[in-house]
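Chemist: A predicted structure for the sequence below; I have some questions about it.
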Amino acid sequence: MSVYSFSQTQTFVQCPRKYQYKYVDKIKEKEFESSPDLILGHSVHAALEWLYNQINVFKVPSKDDLLIKFKEQRDTEIAEASKEKPLQIKGEQTLEDYIRRGIHYLANYYDKYSPFVWITVVATEASIVFDLDPSINPPSFPPLAKEASSSIKFRGFIDRLDKEGETFVINDYKTNKNLPPESKEEYQEQLTLYALWVQQNYAKYFKHLKARLHYLHFDLVDEREITNERLATITKKYWDIINDIEDKKFHYNMVDTKAFEPKENNFCRYCEYFSLCPLRAHLKFDDEVVGGELGEKTVKGLVDEYVTLSKQESQAKNDKELIKILLIEYLEKNNLLKLFGNISKISASQSENISIINKDALKHALKELGILDEAMEIDRFKLQKLVKEHKLSLEQLGETVQKNNSRTLRWWSK
């Protein structure tokens, strides 16, 4: 039985190779270090958990009590994180800045929602495991890859689950200083997935479901209703992601070392597997010397030289086309077939090209003429594209094709 978390799926979407290193090869990450941001998040979450646990036994603490609880938790975490070495703070912020932020978040939150009489708390900081079962949702789901487990489970944490009348609300607190754009739906998708757990455990107790994201830094709430249609759409999205993961795991276990291809993105510079990844590892290599027909040169020097020549080649091609246009215009204007330079000459010829308007009709005409096979040459590039898109497999083609390996160099400036 496979058990997935939201962070696992996000790692795969971010970079399949990072997923391989972390969850398949299980390569140990660098030793975890706490940070002021993590301490802030943990301390705020712990204080709010304590607050709602008190409310759940019909006791409403004062705002001062809440802030005292936050300070206790914060001091404990700072002391623990500073045992080995001083806590590392990046940028111009100080530890006092983080402490002030936490107090501000909680004081604002308390003022906004007190006296907390309209809420019934079902759970706080709930560790959940649930079935990612597409059969319980409206649309028809494709089956998992044959290599995948027939049972897929999801795990996670719900910060707080409330009952408000006939509605259950999944709450999540965010202490980020950056407000995600509206197009970034990952947080809402996560809470929507967690609604499956609510359905599977409390279905008879509610009629409606909501997801509520509390952006504490901005005093903003992003609230969405979780309809059956939305739940089905999000469940299918992550079912497809897991299907892709399971398929790649199967091929990787069958010694396909390229099953989890690396994906370059903005997170690469922070990746803990930097030195292993074929996209970035060379940055840590020494500048080796290689020999050949060009003599001994360093690899970095060859890279720069190759890109320089490629730029020159590209510019030359562009200039050549512009000159061609000018010369053709001159030829046609003066009704000439040959032009002479100081050391060179150019002759001009004219030809006609044809374009296909109706492919089916053309095939029929060529077949009638008995030259269809001769005219319709198979395009290997289109064939490769079909195989890459999994619309065709090499096994289906049998001995009619041969697999060859090739390399293409692409360049860009740093």
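Modeler: In hand now; what should we look at? Source: prediction; values computed, not measured.
Chemist: In the chain, which helix is the longest?
Modeler: With secondary structure taken from DSSP state H, the chain has its longest helix at helix 299-334.
Chemist: List the buried residues in it.
Modeler: Leu331 (16 or more other C-beta atoms under 10 Å). (Each C-beta comes from the backbone N, C-alpha and C, glycine too.)
Chemist: distance between that helix and the chain's centre?
Modeler: How far helix 299-334 lies from its chain's middle: 38 Å, per C-alpha atoms, centre = their mean, to the nearest Å.
Chemist: Just the residues contacting whichever helix or strand comes after that helix, thanks.
Modeler: Next along the chain after helix 299-334, taking DSSP states H and E as the criterion, comes strand 338-340. For strand 338-340, contacts defined as C-beta atoms under 8 Å, 6 or more residues apart in numbering pick out Leu327, Tyr330, Leu331, Lys345, Ile346, Ser347, Ala348.
Chemist: can you pull out the helices in the stretch 151-300 of the chain?
Modeler: Here the stretch 151-300 of the chain has its helices, by DSSP state H, counting those that start in this stretch, at 186-202, 228-253, 299-334.
Chemist: Distance to Leu106 and mean pLDDT for those - can I get that in a markdown table?
Modeler: A markdown table is the format used below for the helices of the stretch 151-300 of the chain (distance: least, C-beta to C-beta, whole Å; pLDDT from 0 to 100):
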| stretch | distance to Leu106 | mean pLDDT |
| --- | --- | --- |
| helix 186-202 | 20 | 94 |
| helix 228-253 | 31 | 92 |
| helix 299-334 | 52 | 90 |
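Chemist: now for those, which one comes closest to Phe154?
Modeler: Proximity to Phe154 (C-beta to C-beta) singles out helix 186-202 among the helices of the stretch 151-300 of the chain, at 6.3 Å.
Chemist: Give me the buried positions along that closest one.
Modeler: For helix 186-202, burial by neighbour count (16+ other C-beta under 10 Å) applies to 187-199.
Chemist: can you check stretch 92-101 too?
Modeler: Applying 16+ other C-beta under 10 Å to stretch 92-101 flags Tyr98, Ile99, Arg101 as buried.
Chemist: How about stretch 54-69?
Modeler: Going by neighbour count (16+ other C-beta under 10 Å), the buried part of stretch 54-69 is Gln54, Ile55, Pro61, Asp65, Leu66, Leu67, Lys69.
Chemist: rewinding a little: who wins for proximity to Ala365 among the helices of the stretch 151-300 of the chain?
Modeler: helix 299-334 (33.5 Å).
Chemist: Show me what the closest one is packed against.
Modeler: Secondary structure elements in contact with helix 299-334, counted by 3 or more C-beta pairs under 8 Å, 6 or more residues apart in numbering; DSSP states H and E, are strand 289-290, strand 338-340.
Chemist: Okay, now the unreliable bits of this structure?
Modeler: Within the chain, the stretches with pLDDT under 70 are 1, 29-34, 133-150, 405-414.
Chemist: before we move on, the earlier item: got a markdown table for the buried residues of stretch 92-101, with secondary structure too?
Modeler: Listed next are these as a markdown table, based on DSSP: H, G, I helix; E, B strand; the rest coil:
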| residue | secondary structure |
| --- | --- |
| Tyr98 | helix |
| Ile99 | helix |
| Arg101 | helix |
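Chemist: any chance of those residues in CSV, plus distance to Arg380?
Modeler: Putting these into CSV (distance: C-beta to C-beta, whole Å) gives the following:
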residue, distance to Arg380
Tyr98, 59
Ile99, 64
Arg101, 59
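Chemist: which one of those residues sits closest to Leu294?
Modeler: Nearest to Leu294 among the buried residues of stretch 92-101 is Tyr98, at 55.1 Å by C-beta to C-beta.
Chemist: quick one: contacts for the closest one?
Modeler: Applying C-beta under 8 Å, 6+ apart, the residues near Tyr98 are Pro36, Asp37, Ile39, Leu40.
Chemist: Apply 10 Å and report the result again.
Modeler: If you count contacts by C-beta atoms under 10 Å, 6 or more residues apart in numbering, Tyr98 has them with Ser35, Pro36, Asp37, Ile39, Leu40, Ser43, Arg74, Ile78, Leu87, Ile89, Thr175.
Chemist: who are the neighbours in contact with Tyr330?
Modeler: Per C-beta under 10 Å, 6+ apart, neighbours of Tyr330: Leu336, Leu339, Ala348.
Chemist: out of those residues, who's nearest Gly165?
Modeler: So of the contacts of Tyr330, ranked by how close each gets to Gly165 (C-beta to C-beta), first place is Ala348, at 83.1 Å.
Chemist: The closest one contacts Leu331, correct?
Modeler: Yes - if you go by C-beta atoms under 10 Å, Ala348 and Leu331 touch, sitting 5.1 Å apart.
Chemist: Name the residues contacting each of those two.
Modeler: Leu337, Lys338, Leu339.
Chemist: ok, so of those residues, who is nearest Lys83?
Modeler: For these, the nearest to Lys83 is Leu339 (82.1 Å; C-beta to C-beta).
Chemist: PyMOL command for the buried members of the contacts of Tyr98?
Modeler: One line in PyMOL is enough to select the buried ones among the contacts of Tyr98; burial here means 16+ other C-beta under 10 Å:
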select buried, resi 36+37+39+40+43+74+78+87+175
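Chemist: Taking the contacts of Tyr98, tell me the two that lie furthest apart.
Modeler: Longest distance between any two of the contacts of Tyr98 is 16.9 Å, between Leu87 and Thr175; criterion C-beta to C-beta.
Chemist: all strands for this protein, in order.
Modeler: Per DSSP state E, the chain carries strands over the ranges 2-5, 120-131, 152-164, 167-174, 208-215, 220-225, 289-290, 297-298, 338-340, 345-347.
Chemist: Now distance to Ser114 too, for the contacts of strand 338-340, in TSV please.
Modeler: What follows is the contacts of strand 338-340, written out as TSV (distance: C-beta to C-beta, whole Å):
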residue	distance to Ser114
Leu327	82
Tyr330	84
Leu331	85
Lys345	91
Ile346	86
Ser347	90
Ala348	86
